[in-house]
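Peer 1: starting from these lines, generate the structure:
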Amino acid sequence: MALANRAGKAGQVLRVAATYIGTVVGAGFASGQETLRFFGAYGKMGMIGIALATLLFCTYGIVVMELGRRLRARSHREILHFACGPYIGRAMDGIVTLFLGATLTVMVAGGGAVFAEQFGIPQSIGTFLTAGLAGLTILRGMRGIMVANAVVVPLLTIAVVGLSGASIGHHGLGAILGETLPWPALAPVHSWFVAALLYVGYNLVLSISVLAPLGAEVQDSGVLVAGGLVGGLSLGVLAAGIKLAVSAHMPEIGQHEIPMLFLARLHARPVQWMYALILWAEIYTTAIGCAYGFAGRMTEVFRGSYRGIVVMVTALSLLGSGFGFSTLLSFLYPLFGFITLIVLLCLSVIFVRRAPM
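Peer 2: Residues are numbered from 1 along each chain as shown. Predicted coordinates:
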């Protein structure tokens, strides 16, 4: 019985970690664009930036889920109002809601880019498929999100480790580290430290809409802490692998919409297709996280039918995706990163005060 209980808790921890990873890892991360811009562009200092981001992901992921458990949160609203106060919290609520909608649009555009670049299928088909499946999934609520991530995240982990390992093994870790140079033209800001903060800021805020209700649903503090640690550390390991792999192919890899597909094309065609499908699946998992948070909050605001709101959200994401993946990514993410540093500051105050959970 005790062994069964431990196995059950271990399974819960992995599901929590997978949901955390799947919410953060989407078009930007799995494609290599985020890592290239926020870490790869800073050369050797980018690895220190990844270490800092990993620490922050572990810490703030746990804080958000614990607050969600304590407040029995249904969306990001409860967390933001508790952490930032009624006035700033209300402003952040509106900004985060808009960010979720914008990021959903980025994910849908990313899904279309994968289909166009790798399979030669019209981008419109990829965007319709990504948006449509995301809408259908969130109709099942949190259960649908956890099941989707439990399937997709292990596959992505294997694929990223395999591609990155092959690239590092071919070039040699010492050679990559020795020849890694900064590429300021790709950097969103001048400082690697600020870039790491921005990266954690917008990804964490993106995750709150899922992590807060996840904490309320799981309700086991030990599981949430362990899941946050496993999820945060895994994000750091994956980012480090991608950073080293793309650094070995600078500067030519910076010209590609999806850098990790550039790496996949160095291998046999089945490898290319496999990674493209897994990349699309990860885009889909982040899309469902954004769609779930955005649709849930819109349902609260307008007090309308959840099903009708989901249809509206899906249609809006299709319209916005026409701006293109890399354009949306390079403009929206740094902008929201600066704004969401306020949320990190508010959560830091709670963490320092050791508020009872």
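Peer 1: for this structure, longest helix please?
Peer 2: In the chain, taking DSSP state H as the definition, the longest helix is helix 76-114.
Peer 1: now that helix: how far from the chain's centre is it?
Peer 2: Relative to its chain's centre, helix 76-114 lies at 13 Å (Cα atoms, centre = their mean, to the nearest Å).
Peer 1: any idea how far residue 18 is from residue 204?
Peer 2: According to Cβ to Cβ, to the nearest Å, residue 18 and residue 204 sit 17 Å apart. Heads up, the C-betas are built off the backbone N, CA and C, glycines and all.
Peer 1: between those two, which is the more surrounded one?
Peer 2: Using other Cβ atoms under 10 Å, the more surrounded residue of residue 18 and residue 204 is residue 18, with 26 against 23.
Peer 1: quick one: what helix or strand has the more buried one in it?
Peer 2: Assigning secondary structure by DSSP states H and E places residue 18 in helix 2-24.
Peer 1: next, the buried residues of that helix.
Peer 2: Residues 12-24 are the ones in helix 2-24 that count as buried (16 or more other Cβ atoms under 10 Å).
Peer 1: what does stretch 66-85 give?
Peer 2: So, applying 16+ other Cβ under 10 Å, buried residues of stretch 66-85: 66-71, 73, 75-84.
Peer 1: what is the neighbour count of the nearest residue to residue 29 once chain neighbours are set aside?
Peer 2: Nearest residue to residue 29, sequence neighbours excluded (Cβ to Cβ, 6 or more residues apart in numbering): residue 35, at 6.8 Å. For residue 35, the neighbour count with other Cβ under 10 Å is 28.
Peer 1: mind checking the SS state of residue 35?
Peer 2: Counting by DSSP: H, G, I helix; E, B strand; the rest coil, the backbone at residue 35 sits in helix.
Peer 1: these two touch, right, it and residue 241?
Peer 2: No: using Cβ atoms under 8 Å, residue 35 is not in contact with residue 241, being 9.1 Å away.
Peer 1: can you give me the neighbour number for residue 143?
Peer 2: Counted with other Cβ under 10 Å, residues neighbouring residue 143 total 10.
Peer 1: can you list the buried residues in stretch 296-314?
Peer 2: By neighbour count on 16+ other Cβ under 10 Å, the buried set for stretch 296-314 is 296-299, 309-310, 313-314.
Peer 1: biggest separation within those residues, which pair?
Peer 2: Using Cβ to Cβ, the buried residues of stretch 296-314 span at most 15.3 Å, a distance reached by 297 and 314.
Peer 1: where exactly do the helices run in the stretch 251-357 of the chain?
Peer 2: Under the criterion DSSP state H, counting those that start in this stretch, helices of the stretch 251-357 of the chain are mapped to 259-264, 269-302, 306-320, 325-353.
Peer 1: quick one on the thing from earlier: could you dump the buried residues of stretch 296-314 into a markdown table with pLDDT and distance to residue 138 added?
Peer 2: Below are those laid out as a markdown table (pLDDT from 0 to 100; distance: Cβ to Cβ, whole Å):
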| residue | pLDDT | distance to residue 138 |
| --- | --- | --- |
| 296 | 84 | 8 |
| 297 | 85 | 12 |
| 298 | 87 | 12 |
| 299 | 87 | 11 |
| 309 | 89 | 10 |
| 310 | 88 | 6 |
| 313 | 86 | 9 |
| 314 | 85 | 9 |
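Peer 1: near residue 128, how many other residues are there?
Peer 2: When neighbours are defined as other Cβ under 10 Å, residue 128 has 18 of them.
Peer 1: that one contacts residue 318, correct?
Peer 2: Yes: proximity of residue 128 to residue 318 meets the contact threshold set by Cβ under 8 Å, at 6.8 Å.
Peer 1: the bottom helix or strand of the protein by mean pLDDT?
Peer 2: Lowest mean confidence among the helices and strands of the chain (mean pLDDT, DSSP states H and E): helix 173-179, at a mean of 58.
Peer 1: so what's the gap between stretch 156-163 and the chain middle?
Peer 2: Its chain's average C-alpha position is 16 Å from that of stretch 156-163, according to Cα atoms, centre = their mean.
Peer 1: sorry, slip of the keys, the one I care about is stretch 65-82.
Peer 2: 19 Å.
Peer 1: ok, and what's touching it?
Peer 2: With contacts defined as Cβ atoms under 8 Å, 6 or more residues apart in numbering, stretch 65-82 is touched by 16, 64, 83, 89-90, 92-93, 96-97, 205, 208-209, 211-216, 218-219, 221, 224-225, 227-228, 293, 296-297, 300, 343, 346, 350, 357.
Peer 1: buried ones only from these, please, as a ChimeraX command.
Peer 2: Per 16+ other Cβ under 10 Å, the buried members of the contacts of stretch 65-82 correspond to this ChimeraX selection:
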select :16,64,83,89,92,93,96,97,205,208,209,211,212,213,214,215,216,218,224,225,227,228,293,296,297,343,346,350,357
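Peer 1: ok, now which ones touch residue 12?
Peer 2: Residues in contact with residue 12 (Cβ under 8 Å, 6+ apart) are 218, 220, 223, 227.
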